[in-house]
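Visitor: Predicted coordinates and the sequence they were generated for:
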4 protein chains.
Amino acid sequence: MKNIAYIENFEDWANSFTYSYPVKVRFSETDLFGHLNNTKVFVFFEEGRIEFFKEIGVMQQWLTRGGEGIPVTSDLQCNYLRQIYFDDRLDVFVKIHSIGQTSVDLHYLIKNQHGDICITGRGRMVQVHKKTGKSIEWDEVIKNKLHSSTTSANI
Amino acid sequence: MKNIAYIENFEDWANSFTYSYPVKVRFSETDLFGHLNNTKVFVFFEEGRIEFFKEIGVMQQWLTRGGEGIPVTSDLQCNYLRQIYFDDRLDVFVKIHSIGQTSVDLHYLIKNQHGDICITGRGRMVQVHKKTGKSIEWDEVIKNKLHSSTTSANI
Amino acid sequence: MKNIAYIENFEDWANSFTYSYPVKVRFSETDLFGHLNNTKVFVFFEEGRIEFFKEIGVMQQWLTRGGEGIPVTSDLQCNYLRQIYFDDRLDVFVKIHSIGQTSVDLHYLIKNQHGDICITGRGRMVQVHKKTGKSIEWDEVIKNKLHSSTTSANI
Amino acid sequence: MKNIAYIENFEDWANSFTYSYPVKVRFSETDLFGHLNNTKVFVFFEEGRIEFFKEIGVMQQWLTRGGEGIPVTSDLQCNYLRQIYFDDRLDVFVKIHSIGQTSVDLHYLIKNQHGDICITGRGRMVQVHKKTGKSIEWDEVIKNKLHSSTTSANI
């Protein structure tokens, strides 16, 4: 397998995901080369990440109008291992890799309907203040939810 | 030319536009059939319309956070007369067709770099209250700006 | 209900759909006004239409590399009756309204998770030659499949 | 400045770009958090990269139908340093960082209209066979063009 900086042992890494979200490739997501346009993978990352955040119970707070903190993308990385085509049924796997004071590192893995690994990725989300853009520390509630999700995933 | 309900005399209609905004077709806007994906035309309509609204001086108010009214799409129509391809340089023509108490009807015309008419369209924008969603009458300032733009266009 | 040119009796029309495809609104499909961006509705129309074509068995032929004919959008219309928001679960209803020698007219209806009608639409697809762009008559196989689908929908 | 793995000296790096392509942020590219949606940056990377490839004269060959090789994305990285908003006028800087037998590493830098650095990025493009997906070595013509562009950029 490819040598990817954020992955130590590829097989162990690929097997460490427990959460996934299904996505089907739309016609409008292809390009004239006949495959999924490379930019659309990040739409799948975002959708998978939000569904994951909903699953572990931290998304609601960010969407509430009263909430001051919003999660923004700090960085993203993506490795394209295999081409993806129109109508492919993908599973977007998401897991927490590490948790900081104001941020969380997520890892991503996308498989097609044949079980082939097509995409790997990672990226950091940071909680910032909606108005000032300054980073905000996780409160205890969110921190606990983030930590429990990694624990349960490791069992 | 095609028989299109919102166009009386095609040649007169096509010649009645005075404002246009240039757009170049992106790779990510094509699809596997090798042409511009049909859904992207509405992105061009939106971009052309917003630039037109900026040109006639009504856009700023809608973007101000204090403003209560926002313009929303009430309906859209699009006729695809000629295929559009990657890297085509398009001119998106926009004009006001008619002005209501709370709405404005816009017409659209898209030509490619050869001067061929590729797309015609129309659609109504309605000003609604950001919170309640109820329609709001144009104030005198906006109304005057909308009317002047049609007058000048007709000269 | 709104007066929409392509709908005679709104209630009858809304009840005449039998096929629907589920779509969930992505975060990346919203805009800064806090709702679904108007241009994304046509992505849902396209996805609903393709799934409908797969359901009635005509899509495969168009995707085959050997096939000469491809379906292209001839026109589209959309009426926005109610705002759509992030994470809304939509049902995209699609039905055949009429069948021509080289074309088919489709009608669309989108409801949200509360059963509210948010969007109505229609549009014509035309089968054209992949290379020449000239319209091609339906062959008997496709024609029969299109007709059976309208018949069964009317029962 | 942030510690970014692919950047040694941030100031030197930022000053080493000579090619840029202008992009304006569309309304449909924002999301409900009121800023540019994170996934759209990769659309700007793609547009900037293609314009850069056209500028140095290697794009035409990839778009020719006869050509067997097409450039595909092997990996992408993006760091979000500053938020980007609707209507921002961006400059997308692109340069070649290194050239392999079948691939090329590109670096990206996006500044807004105030000259603020908003985005940095990098990614590898690989030339693959359209049908087999196997990587193809650059021919001499393309290789020379890639190399000249880096030389001239360093002057």
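Guide: Right, received. Where do you want to start? Fair warning: this is a prediction, and the values are worked out from it, not measured in the lab.
Visitor: hey, let's count contacts and neighbours off CA atoms from now on
Guide: Will do.
Visitor: element containing the most centrally placed residue in chain A, please.
Guide: What sits nearest the mean C-alpha location of chain A, by Cα atoms, centre = their mean, is A:Arg49, with 4.0 Å. Under the criterion of DSSP states H and E, A:Arg49 resides in helix A:41-55.
Visitor: any idea how far the nearest residue to A:Asp87 once chain neighbours are set aside lies from chain D?
Guide: Among residues not flanking A:Asp87 along the chain, A:Val25 sits closest, at 4.8 Å (Cα to Cα, 6 or more residues apart in numbering or on different chains). A:Val25 sits 16 Å away from chain D when distances are taken as Cα to the nearest Cα, to the nearest Å.
Visitor: What residues does chain A have near chain C?
Guide: A:26-28, A:43, A:46-47 (Cα under 8 Å from any Cα of the partner chain).
Visitor: hmm, back to that, dump the residue contacts of the residue nearest to the centre of chain A.
Guide: By Cα atoms under 8 Å, 6 or more residues apart in numbering or on different chains, the contact set of A:Arg49 is A:Val94.
Visitor: Could I get the pLDDT score of it?
Guide: pLDDT for A:Arg49: 97.
Visitor: what's the nearest residue to the residue of chain A found nearest chain B if we skip its chain neighbours?
Guide: Here the residue of chain A nearest chain B is A:Asp31; by Cα to the nearest Cα that distance is 3.9 Å. Closest residue to A:Asp31 apart from its sequence neighbours, by Cα to Cα, 6+ apart: B:Asp31 at 3.9 Å.
Visitor: related to what we said a few turns ago, flag every buried residue along the helix holding A:Arg49.
Guide: Residues A:41-53 are the ones in helix A:41-55 that count as buried (16 or more other Cα atoms under 10 Å in any protein chain shown).
Visitor: quick one: contacts of stretch A:6-22?
Guide: Residues contacting stretch A:6-22 (Cα under 8 Å, 6+ apart): A:1, A:48, A:51-52, A:89-95, A:109, A:122, A:153-154.
Visitor: Let me know the outermost residue of chain A.
Guide: Distance from the C-alpha centroid of chain A, by Cα atoms, centre = their mean, peaks at A:Leu32 (26.8 Å).
Visitor: Test my guess that that one contacts B:Asn37.
Guide: No - in this structure A:Leu32 lies outside contact range of B:Asn37 using Cα atoms under 8 Å: 9.7 Å.
Visitor: can you list residues touching both of the two?
Guide: Taking Cα under 8 Å, 6+ apart as the criterion, A:Leu32 and B:Asn37 both touch B:30-31.
Visitor: Kindly provide the distance from the residue of chain A closest to chain B to chain C.
Guide: Applying Cα to the nearest Cα, the value for A:Asp31 to chain C is 14 Å.
Visitor: Now for that residue: which residues touch it?
Guide: A:37, B:27-32, B:34.
Visitor: Wasn't A:Ser148 part of a helix?
Guide: Yes - when DSSP: H, G, I helix; E, B strand; the rest coil is applied, A:Ser148 is found to be in a helix.
Visitor: Can you give me the pLDDT of it?
Guide: Value listed for A:Ser148 in the pLDDT field: 92.
Visitor: Burial check on it, number of neighbours?
Guide: By other Cα atoms under 10 Å in any protein chain shown, the residues close to A:Ser148 number 13.
Visitor: can you tell me how far it sits from A:Ile99?
Guide: The gap separating A:Ser148 from A:Ile99 is 11 Å, by Cα to Cα, to the nearest Å.
Visitor: Over to A:Glu29?
Guide: In terms of Cα to Cα, A:Glu29 sits 32 Å off from A:Ile99.
Visitor: More neighbours: these two, which one.
Guide: More neighbours surround A:Glu29 than the other of A:Glu29 and A:Ile99, with 25 against 17 (other Cα under 10 Å).
Visitor: how about that one, what does it touch?
Guide: Residues in contact with A:Glu29 (Cα under 8 Å, 6+ apart) are A:36-37, A:40, A:86, B:31.
Visitor: just curious, which of those is nearest to A:Ser135?
Guide: Nearest to A:Ser135 out of these is A:Lys40 (Cα to Cα; 27.5 Å).
Visitor: Which residue comes closest to the closest one once chain neighbours are left out?
Guide: Of all residues not flanking A:Lys40 in the chain, A:Glu29 sits nearest, at 6.5 Å (Cα to Cα, 6+ apart).
Visitor: Quick check: A:Met125 touching A:Asp105?
Guide: Yes - at 6.5 Å, A:Met125 and A:Asp105 qualify as touching, with contact defined as Cα under 8 Å.
Visitor: most neighbours, which of the contacts of stretch A:6-22?
Guide: Using other Cα under 10 Å as the neighbour criterion, A:Val94 leads the contacts of stretch A:6-22 with 26 neighbours.
Visitor: which SS class is that one?
Guide: strand.
Visitor: Give me the spatial nearest neighbour of it, chain neighbours excluded.
Guide: Leaving out its chain neighbours, A:Val94 is closest to A:Tyr108 (Cα to Cα, 6+ apart), at 4.8 Å.
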